[in-house]
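Q: What follows is a predicted structure for the sequence shown.
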Amino acid sequence: MTLFVQLLIVGLSGGAIYALIALGYTMVYGIIELINFAHGDIFMIGTFITITILQAFNVTDDPTVNGTLIAAILVAFFASMILCAILGVVIERVAYRPLRNAPRLAPLISAIGVSLILEDIGKLWKGLSPISPPQIFGAGAVFYIGPISIQVVDIVVVVVSILLMVGLQWMVNSTRLGRAMRAVAQDREAAALMGVNVDFIISFTFLVGTGLAGAAGFIYLLKFPVTTFTIGFDLGLIAFTAAVLGGIGNLYGAMLGGLVIGLVQSLVNLIPDSNNPSSHGLGLPHGGGAWATAIIFAILILILVFRPSGLLGQQTPEKV
Amino acid sequence: MSAVTMNTNSTGPVSTTRSLLIKWVIALLVPVLVFNFVWQGDYLINNVILGFINPADALVDTGSLIQASIFILFFYLVVLAFAGYLVAADTGRRSMLEVWVDVLIFAVLPILLIVLVNDNLIIGLALCAILWPIYFYIRRRVPFFARSKALLSPKSVSLLSAEQKAAMVRRARLGGFAFGLSLAITWLVVDLVSYFAGALPTELLIVTAVRTVFLVVAGYFLGWVGGIVAVRLTLSANANSANGGDNSAQSGANGRRKRQLMMLASSRAREEAREVVPNDLPLRSAGARRFFLILLIAFVLFYPVLDPFLFGYGTAGRLAGYTDAGYYVILALGLNIVVGFAGLLDLGYVAFFAIGAYAWGIFGSTQFGRLTNIIIQPEVLSWLFWPMIIVTALIAALWGVILGAPTLRLRGDYLAIVTLGFGEIVPVVFLNLDKYTNGTNGIVGVRSPAFFGIQWTVINHVPYYYLILALIALVIFANVRLRDSRLGRAWIAIREDEIAAASSGVNLVRTKLFAFGTGAFFSGIAGAYFSAKLGNVSPDLFSFNDSVIYLAMVVIGGLGSIPGVIVGALAVYSINLFILNNLDSIASDPTSFLYGIDQFIIHYIPSFTFGNIRNLVFGIILVAIMIFRPEGLIPSARRKRELHQAPEEEAVELGSLDVTTTDPGFEAEVRIE
């Protein structure tokens, strides 16, 4: 039971990161019906920006809290967010906008192309081998509730993610821009007739979505000690799965999907190793952890078989 | 037949014929001579001849010499016939200079470039691929060339009378003769000069004499053949009117002709008009394409023996590369069915490839005996490759259907993610089921195929070359037949509009499942070949990146276009494995021009190598192709029509085909072959 709860907490914080990335996928899909394959790689660039800035401030492992540290964290967080947002807008302008009226497959392939480009840029920037950021929250930053140990970093990750998601919800539901976004998502031409600058709104959507990916890049590094150029693809794939699982184009769906996948990824570790004599042949060879990707995608396929537009896809047709 | 008009250009006065002869003899002679003298074509021929006269001097064994000489003979025979065809099929309205510039750019330039980069076929062609678009761009801008575009109009198409056709054949004979004569004389002069200079052995003088006579005679008769080919491609009036050439026997007996639905659309008429002979651009007509195809097939068939003559040492390494490129072609053709024909985006195609590879991997190694305790003699097992390749493909196809079944309800993007998921699941399963697959280590010692008396060793790539060639031929054949079948049309229908297709009676479930199944079938074939050639399989050989590469091949080549997809696969493969790697080796050489650039980049980006930016190059190509040429390198006619609506002024009235549509017997009377 203790293990279960702890895995639950780890899953929650992992899921929060997935949800942040998934939001970017789902926003872009909602507004121009494009699977932005480059999104995961923008997240990867975000982690690289964060590392570069933290190292520039000479942040060490388990640092003492002082003004420099706080400044470093703030600069890294916002620089990652802003630079990724700019990158997203530039990509939209260069690779997607010329294809706005092309056949459906064209922007998708263009997106795959951009993803490959970013991946290699990351490779050239930081090299092939994984790199580690300074760990702001050391392993010692733990507190206990009864027998359950909770890492401070998990709490921070969840709280920051929730703040960002709430902020997004507020923006989409309560501001003029958000209303314009919803309008463009529903009917681009009608929105244009109502005086919405469609190109600007699409750019703005990319700005927000990729900005969230940049933030996720920062948050990810708080929790996980390592990043490489392929992480964008690996995490992006799972985050995208989360978006589809929840019903792509639906903001709540992305959050739900992210959490579900985070939890699944964490809880599959409970499945025993069938090669291990103590499991009496139950479970899977090498234990559930080795099968995490396969299980996630199997769940995705199963869910799509029964609910072809994802968990929340039909219930809330409103999309952004 | 009311609508036959005389076209003075096609059977013009003697002066026209003379200018046509000059035009095409020079246009063909220049590349042939460049091939012979600048490159090492003469080296090949002389070696072949010398090898027969004095086997001790020859560089290679007699078997290769015989094959090489068969190819050389065949090559010249085809070129002679082609000369006849071109002279017959040209309307003569396009100026000599334009044709010569075209020939320089498209035939002479590749040869020179390949020589320039130290006989590296792939790099040379890659440079051409960069230079050709520049040429196209200039042509569009420079007024001298811009004029030629207007010439290409269906107005030049007309029905020819028997008399005109006979004149065409006459002209073709003349063309073949003139070309043969010029070639013979040129060679004679060169041979005599080198004889007196002492460079030519005396024995070869006999060959020279025989060749001189032979070329002229063969030129006359093969030119005739070319003329007949040209006549067959003319727009024929049938029923009562007589046909020229060999057509009369066919058309006389049969009153009712196979109907051609040629006037589907105005743009369609324009396309078809381009194919009909005589034509302003005979080098691009359907007939010329046949000649090119014949030459290409001959070249590909004889390639292993020609390679050492043309490119020198390192044949084995090059063949190894080409045999690997072969399975990419099969994969691209298979994926083309799913994505190109049926329009179902498949991002997990590598899964079926992996299934195919593992199917033969497990069966064709000791793994099978270990799992089932059925011990098959290794020699027998090698023979079982042939039936198993079908079984393997069927297993893959079955998985294609199993994956397809739950995804049928999904819309495009959901489908993409499910296939992607499947592509991720399969390697994980192979990785973790180590009881059957040996996990990370994979399966080693996979048997290669067996065939009568052929050594399938790791160093001898020739058997694999022919094996993959045969497989590709089969797959292309199947692809063409499928595309033109009822099923193929159904695929295209659901690609264009699923709802409309369903309302027209296309069974969506069945059609989509067939698409998935067929696509997977072909990748199963590729997989079996892959594991048999490599000798081992492991899960890390199959990743999402590969799926993306396969998709890139299909997209770069042209979705739904079979020749396009083949070119796309070869292009992607050569970028991947030849060009970037070669750039690295060139850049590491301090004398080359790339060295400085490379050092400059490395100064700022230490981890830079050209091999490292593979994905960057691919990504840029993918984005650029999507933005500038979304239909791909060689688009299928249908997609081209969709993506580029012909401008208004280019639309063609049916009347301009010299046939009136109101004529009741119209369809029965006109045919385009």
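A: Nice, I can see it. In this text, all values refer to a predicted model and were calculated from it rather than measured experimentally.
Q: going forward, measure contacts between C-alpha atoms and count neighbours the same way
A: Noted.
Q: Show me how far the strand or helix carrying A:Ala192 is from its chain's centre.
A: Here A:Ala192, judged by DSSP states H and E, is contained in helix A:188-193. Distance of helix A:188-193 from its chain centroid, counting by CA atoms, centre = their mean, to the nearest Å, is 30 Å.
Q: Next: stretch B:612-624.
A: Distance, centroid of stretch B:612-624 to centroid of chain: 24 Å (CA atoms, centre = their mean).
Q: just stretch B:114-126 next, same as before
A: Distance, centroid of stretch B:114-126 to centroid of chain: 19 Å (CA atoms, centre = their mean).
Q: Residues touching it, excluding its own?
A: B:Trp39, B:Pro110, B:Ile111, B:Leu113, B:Leu310, B:Phe311, B:Ser574, B:Phe578, B:Ile579 (CA atoms under 8 Å, 6 or more residues apart in numbering or on different chains).
Q: I'd assumed B:Leu131 was in contact with the second one.
A: Read that as B:Pro110. No: taking CA atoms under 8 Å as the definition, B:Pro110 is not a contact partner of B:Leu131, at 9.9 Å.
Q: Compare neighbour counts for those two and give me the winner.
A: Just comparing B:Pro110 and B:Leu131: by other CA atoms under 10 Å in any protein chain shown the higher neighbour count belongs to B:Pro110, 20 against 16.
Q: Could you identify the helix or strand that succeeds the lengthiest helix in chain A?
A: Criterion DSSP state H: the longest helix present in chain A is helix A:2-32. Where DSSP H and E defines the elements, the next helix or strand beyond helix A:2-32 is helix A:39-56.
Q: which one is whichever residue of the stretch 151-300 of chain A sits closest to chain B nearest to, not counting chain neighbours?
A: Nearest to chain B in the stretch 151-300 of chain A, going by CA to the nearest CA, is A:Ala294, at a distance of 4.4 Å. Excluding its sequence neighbours, the residue lying closest to A:Ala294 (CA to CA, 6 or more residues apart in numbering or on different chains) is B:Ile425, at 4.4 Å.
Q: Roughly how far does A:Phe306 sit from B:Leu410?
A: A:Phe306 sits 10 Å away from B:Leu410, going by CA to CA, to the nearest Å.
Q: Which one of the residues in chain A is closest to chain B?
A: For chain A, CA to the nearest CA, closest residue to chain B: A:Gly113, 3.7 Å.
Q: in the chain, what spans have low per-residue confidence?
A: All of this is about chain A. A:138-140, A:276-283, A:314-320 (pLDDT under 70).
Q: Not quite, go with chain B.
A: In chain B, residues with pLDDT under 70: B:1-15, B:38-61, B:144-159, B:235-275, B:411-412, B:458, B:593, B:639-673.
Q: Am I right that A:Tyr144 falls within a helix?
A: No: A:Tyr144 sits outside any helix when classified using DSSP: H, G, I helix; E, B strand; the rest coil, being strand.
Q: what are the phi and psi values for the residue nearest to A:Ala294?
A: Here is the backbone geometry of B:Ile425 (degrees, to the nearest 10): phi -70, psi -40.
Q: cool, and B:Pro630?
A: Backbone torsions for B:Pro630, taken as degrees, to the nearest 10, come to phi -60, psi -20.
Q: Identify the residue nearest it in space, chain neighbours excluded?
A: A:Ala106 is the one closest to B:Pro630 (CA to CA, 6+ apart), at 6.8 Å.
Q: Just the element for that neighbour, please.
A: helix A:105-126.
Q: Wasn't B:Phe452 part of a helix?
A: No: counting by three-state DSSP, B:Phe452 falls outside a helix, being coil.
Q: For the helix or strand containing the residue of the stretch 151-300 of chain A closest to chain B, what is the distance to the chain centroid?
A: Taking DSSP H and E as the definition, A:Ala294 sits inside helix A:292-306. Distance, stretch centre to chain centre, for helix A:292-306: 19 Å (CA atoms, centre = their mean).
Q: near chain A, which residues of chain B?
A: B:345, B:406-407, B:409-410, B:413-414, B:417-418, B:421-422, B:424-426, B:428-429, B:432-433, B:548, B:552, B:605, B:607-608, B:612-623, B:626-627, B:630 (CA under 8 Å from any CA of the partner chain).
Q: Among those residues, which are located in helices?
A: B:406-407, B:413-414, B:417-418, B:421-422, B:424-426, B:428-429, B:432, B:548, B:552, B:614-623, B:626-627.
Q: Quick check: buried residues in the helix or strand in which B:Ala500 is found?
A: B:Ala500 is located in helix B:498-503, with elements delineated by DSSP H and E. Residues of helix B:498-503 classed as buried under the neighbour-count rule (16 or more other CA atoms under 10 Å in any protein chain shown) are B:Glu498, B:Ala501.
Q: what's the burial count for A:Val65?
A: There are 9 residues near A:Val65, going by other CA under 10 Å.
Q: next one: B:Ala178
A: 23.
Q: distance of it from chain A?
A: 50 Å (CA to the nearest CA, to the nearest Å).
Q: That residue contacts B:Val25, correct?
A: Yes: if you go by CA under 8 Å, B:Ala178 and B:Val25 touch, sitting 7.0 Å apart.
Q: for the helix or strand where B:Gly226 lies, packing partners?
A: Using DSSP H and E, B:Gly226 sits within helix B:203-232. Judged by 3 or more CA pairs under 8 Å, 6 or more residues apart in numbering or on different chains; DSSP states H and E, helix B:203-232 is in contact with helix B:41-53, helix B:62-89, helix B:162-196.
Q: how close does the nearest residue to A:Ile35 once chain neighbours are set aside get to A:Asn173?
A: In this structure, A:Ile35 finds its nearest non-sequential neighbour in A:Tyr29, 5.8 Å apart by CA to CA, 6+ apart. To A:Asn173, A:Tyr29 is 18 Å away according to CA to CA.
Q: what's the burial count for A:Thr64?
A: A:Thr64: 11 neighbours (other CA under 10 Å).
Q: So what's the residue count around the residue of chain B at minimum distance from chain A?
A: Among all residues of chain B, B:Gly619 sits closest to chain A, at 3.7 Å; criterion: CA to the nearest CA. Using other CA under 10 Å, B:Gly619 has 25 other residues around it.
Q: Spit out the contact partners of it.
A: Counting by CA under 8 Å, 6+ apart, B:Gly619 has contacts A:Ser110, A:Ile112, A:Gly113, A:Val114, A:Ser115, A:Leu116, A:Ile117.
Q: Which residue is the nearest non-sequential neighbour of it?
A: A:Gly113 (3.7 Å).
Q: ok, the residue of chain B most remote from its centre - contacts?
A: Largest separation from the mean C-alpha position in chain B: B:Asn373, at 45.8 Å (CA atoms, centre = their mean). By CA under 8 Å, 6+ apart, B:Asn373 lies in contact with nothing.
Q: same thing with B:Ile468?
A: B:Thr323, B:Gly326, B:Tyr327, B:Tyr529.
Q: now with 7 Å?
A: B:Thr323, B:Gly326 (CA atoms under 7 Å, 6 or more residues apart in numbering or on different chains).
Q: Could you identify the helix or strand that succeeds the host helix or strand of it?
A: For B:Ile468, the host element (DSSP H and E) is helix B:462-484. Downstream of helix B:462-484, the next assigned helix or strand under DSSP H and E is helix B:486-496.
Q: tell me what that following helix is packed against?
A: Contact partners of helix B:486-496 among helices and strands, from 3 or more CA pairs under 7 Å, 6 or more residues apart in numbering or on different chains; DSSP states H and E: helix B:508-534.
Q: List the buried residues of the helix it packs on.
A: B:508, B:511-534.
Q: any idea how far A:Leu105 is from B:Asp540?
A: With CA to CA as the criterion, B:Asp540 and A:Leu105 are 28 Å apart.
Q: Between the two, tell me which one has more neighbours.
A: A:Leu105 (20 against 13).
Q: No more questions from me, cheers.
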